[in-house]
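> sequence and predicted structure are below.
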Amino acid sequence: MKIRSPSDFWCGVIFLAIGIAFAVLAQEYRFGTAARMGPGYFPTLLGGLLAVLGLSLSVPAFVFEGEGFPRLHWRPLLAILAGIVAFALLLDPLGFLIAAAALLILGGFADPDLRPLESLGLAVFLIAFSTGLFVLLLGLPLHLLPNL
């Protein structure tokens with residue numbers, strides 16, 4: 001059998017694997033009945049639906065022509081991952097402002113067309129917006145600067 005639509009096939013396989021994993025892991029919880037649902041009922045049902053969705057995507061990939069699997073671009077993947085890791089590592093010791101700046105500057109390297117000045121301006125705007133939203137409006141107790 002030849003896979004005619006690799007992108008649909010692999011998307012379906014990923015959905016199928018995640019659905020099966022959810023359904024299997026949910027078996028550790030009491031299932032219950034439809035009238036009295038236990039804590040394992042919804043994850044099992046959701047995992048089953050996700051597995052069916054995965055099958056509905058991957059099986060037709062053997063019949064219908066589709067796009068090939070796109071080439072994996074490492075630069076955006078690594079830049080975004082580095083930004084998230086930097087944010088996680090810098091948030092506690094250096095505070096929200098510096099951690100968010102590191103996240104946004106490193107994440108800006110994902111787009112080769114983004115100039116450094118644009119990345120800096122975007123970082124300043126998003127830091128001001130998120131500080132206003134989370135600290136001022138929502139009142140979250142984030143420490144903004146390093147603890148000295």
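Looks like it came in fine.
> what's the closest non-adjacent residue to L94?
P146 (4.9 Å; CB to CB, 6 or more residues apart in numbering). Using the backbone N, CA and C atoms, a C-beta is placed for each residue, glycine as well.
> now D8: how far from L77?
21 Å (CB to CB, to the nearest Å).
> so which of those two has more stuff around it?
D8 (21 against 11; other CB atoms under 10 Å).
> ok, then the element right after the host helix or strand of L97?
Secondary structure from DSSP states H and E places L97 in helix 96-108. As assigned by DSSP H and E, the chain's next helix or strand after helix 96-108 is helix 116-131.
> re earlier: let me know the secondary structure of the residue nearest to L94.
coil (DSSP: H, G, I helix; E, B strand; the rest coil).
> so what's the residue count around it?
Counted with other CB under 10 Å, P146 comes out at 12.
> over to E28?
Neighbours of E28 using other CB under 10 Å come to 9.
> got the contact list for it?
G40 (CB atoms under 8 Å, 6 or more residues apart in numbering).
> show me the shaky parts of this protein.
For the chain, applying pLDDT under 70 flags the ranges 66, 68-70, 148.
> about what we covered before: any idea how far P93 is from the residue nearest to L94?
P146 is 7 Å from P93, by CB to CB.
> I'm done for today, thanks for sticking with me.
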